[in-house]
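# starting from these lines, generate the structure:
(4 chains)
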2 protein chains.
Amino acid sequence: MNEKSTILVVEDNLTTSKTLGIFLAAENYDVEFAFNGHDGIQRYLANRHDLILLDLMLPDVDGLQVCQSVRSHSDVPIVILTAKSTEDEIVEGLENGADDYVCKPFGAKELLARIRRCLRQKSGTPGKNQPIRVGEIELELERRLVKFMNEPIKLTKSEFEILSMLMRNPGRVFTRDQLIQTALGPSFDGYDRTIDTHIWSLRKKLGEPRGNPKYILSEPGIGYRLSDQHAH
Amino acid sequence: MNEKSTILVVEDNLTTSKTLGIFLAAENYDVEFAFNGHDGIQRYLANRHDLILLDLMLPDVDGLQVCQSVRSHSDVPIVILTAKSTEDEIVEGLENGADDYVCKPFGAKELLARIRRCLRQKSGTPGKNQPIRVGEIELELERRLVKFMNEPIKLTKSEFEILSMLMRNPGRVFTRDQLIQTALGPSFDGYDRTIDTHIWSLRKKLGEPRGNPKYILSEPGIGYRLSDQHAH
DNA sequence: ACTAGTTTGTCAGATCCATGTCAGAAAAAT
DNA sequence: ATTTTTCTGACATGGATCTGACAAACTAGT
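Numbers count the residues shown, from 1 in each chain, chains lettered A, B, ... in the order given. Predicted coordinates for the structure are as follows:
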């Protein structure tokens, strides 16, 4: 799974902070709090969160100064969240480097959507193109790319489908019929041991030693599975 | 200083369009208008504006569809500007790739600030007007210009769209349907191997040796991809 | 330990199917 | 009207897939 995004909430009002914390945690963000501007800047510099939620009314420094100060260090997305809702204030916030400006009382869903938008924009691609890794094997679902010992190897369509199915569930045993079903399509109607041939060529391409494969294991009487010994 | 930024306003209401035109012109933007969704997409593809202001209520296509359609071609900033102001509508807009969502009645200064914010963000990010480079191939999205071995080469519209899609995601495999979708438009309804012909002429123009292409690789059973070996 | 029975490993063809290739028709742009 | 671009269809080719046959490994019963 993707790593959690971290969010720094800079807000002096404890009730608001708590509420935000609950919303954000529910969306699987890692949240850290600061209760004044100074603290906010310090914490950001120390931990470099993925996004900052910033209240403008802070006990010590003005929120806009916090904004500028952070901006001088980094392009981290900053979402201003405040009761100051006149047009001039909004304009000022945006001109000072904020990435979005949400007025209290805010709708949770809208705020979350705007946060997602900011994070999406910064991280470039939204998708999960992280490779699955099992031992020396690395598989990128999106790009349909497989590396073994950090070298790209060429798999046929069926080989890729089978390996991908096994790697998405390391350790789980699949029957030949299950592998046929999802790798070769439900319309396949033939010899179920065709799978064995594909497994054979996969093993060859993965340099499995004859007789005692390290990754793709046979389950006599059932089917095949990927060893989960090497999953970390 | 920079050239003027160009803005495409997609809005069916003539009064609103006029008002926006006055505001935007006063801020020294070049403005073009479209009065329905179809026209909007066409004009964007033809002129590649720097930003799109999009009304959701259009006579023909749904605004969100316009949004998605444009998104499949480009990362141009899209600001949705509409009377639909429930939270769910805002969330939906942002999830569909919009960069901001401003509700009518809007404040001119706020809108302009949000537009500036979008433009600032995009121009700040690394590759906007910079060409994408993969090996000897160089592609400028804005100017729709392609160079191979530093020599400009002439591509047809479809060829450009396909190459651009591949180059924006080196290494990623695209199915023929995906390529058709964004290169030839969603209304295309025909033989999917038409793509092969375009790939063939692209390869010819890129001087690919017969039999073992260096850049545009086939993924039998799936589609095509651009080799990422030469990306650096 | 031996054997019969079952299951998987291995691999060489035969077959199948996806892609490469290109010419000409159809459509669109100029 | 002429040129350019797009699309379709046909054929050839080579790689991918499937099958089947045999060898090897394993299992269980005697």
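# packing partners for the helix or strand hosting A:Q68?
Using DSSP states H and E, A:Q68 sits within helix A:63-71. Here helix A:63-71 touches helix A:37-47, strand A:51-54, strand A:78-82, helix A:87-95, going by 3 or more CB pairs under 8 Å, 6 or more residues apart in numbering or on different chains; DSSP states H and E. C-beta here means a position set from N, CA and C on the backbone, and glycine is covered the same way.
# next, the angle from that helix to helix A:87-95.
Angle of helix A:63-71 versus helix A:87-95, following axes from the mean of the first three to the mean of the last three CA atoms, to 10 degrees, is 10 degrees.
# thinking again about what came up before, so for DNA strand C, which of the helices and strands packed on helix A:63-71 sits nearest?
helix A:87-95 (39.8 Å; CB to the nearest atom of the strand).
# now the closest one: mean pLDDT?
If you average the pLDDT over helix A:87-95, you get 92.
# between strand A:78-82 and it, find me the angle.
Using the same axes, to 10 degrees, helix A:87-95 lies at 160 degrees relative to strand A:78-82.
# buried ones in the next helix or strand after helix A:87-95, by neighbour count?
The helix or strand immediately downstream of helix A:87-95 is strand A:100-103, counting by DSSP H and E. Going by neighbour count (16 or more other CB atoms under 10 Å in any protein chain shown), the buried part of strand A:100-103 is A:D100, A:Y101, A:V102.
# ok, of those, which one's closest to DNA strand C?
Checking those against DNA strand C with CB to the nearest atom of the strand, the nearest one is A:D100 at 39.0 Å.
# residues in contact with the helix holding A:Q68?
Residues outside helix A:63-71 that contact it (CB atoms under 8 Å, 6 or more residues apart in numbering or on different chains): A:10, A:37, A:40-41, A:44, A:52, A:54-58, A:61, A:76, A:78, A:80, A:82, A:92-93, A:96-98.
# just the buried members of those?
For those, a neighbour count by 16+ other CB under 10 Å gives the buried set as A:10, A:37, A:40-41, A:44, A:52, A:54-56, A:58, A:61, A:76, A:78, A:80, A:82, A:92-93, A:96-98.
# quick one on the thing from earlier: and the helix holding A:Q68, how far from the chain's centre?
Distance, stretch centre to chain centre, for helix A:63-71: 28 Å (CA atoms, centre = their mean, to the nearest Å).
# then stretch A:147-161?
That offset, for stretch A:147-161, works out to 23 Å (CA atoms, centre = their mean).
# residues in chain A within reach of DNA strand C, list them.
A:193, A:196-197, A:199-200, A:203-204, A:210-211, A:213, A:218-223 (CB under 7 Å from any atom of the strand).
# change it to 10 Å
By CB under 10 Å from any atom of the strand, the residues of chain A that approach DNA strand C are A:157, A:175-176, A:185, A:187, A:192-201, A:203-204, A:208-213, A:216-224.
# so which of those residues are also by chain B?
A:K157 (CB under 8 Å from any CB of the partner chain).
# near DNA strand D, which of the residues of chain A next to DNA strand C show up?
Among these, proximity to DNA strand D is found for A:157, A:185, A:187, A:192-198, A:200-201, A:210-212, A:218, A:220-221 (CB under 10 Å from any atom of the strand).
# got a list of contacts for stretch A:169-187?
Contacts of stretch A:169-187 with the rest of the structure, by CB under 8 Å, 6+ apart, involve A:134, A:158, A:161-162, A:165-166, A:188, A:192-196, A:198, A:219, A:222-228, A:231.
# what about stretch A:181-201, distance to the chain center?
Taking mean C-alpha positions (CA atoms, centre = their mean), stretch A:181-201 and its chain are 32 Å apart.
# just the endpoints, please. Distance across it?
With CA to CA, to the nearest Å as the measure, stretch A:181-201 spans 19 Å from end to end.
# quick one: contacts for the residue nearest to A:E95 when sequence neighbours are not counted?
The shortest distance from A:E95 to any non-neighbouring residue, by CB to CB, 6 or more residues apart in numbering or on different chains, is to B:A113 (6.3 Å). The contact partners of B:A113, by CB under 8 Å, 6+ apart, come to A:I90, A:V91, A:L94, A:E95.
# helix, strand or coil: sort out B:A113 for me.
helix (DSSP: H, G, I helix; E, B strand; the rest coil).
# how about A:E138?
Following three-state DSSP, the label given to A:E138 is strand.
# quick one, grab the pLDDT at it.
With respect to pLDDT, A:E138 scores 94.
# what's the answer for the one 10 residues further on, then?
Among the per-residue scores, A:F148 holds a pLDDT of 95.
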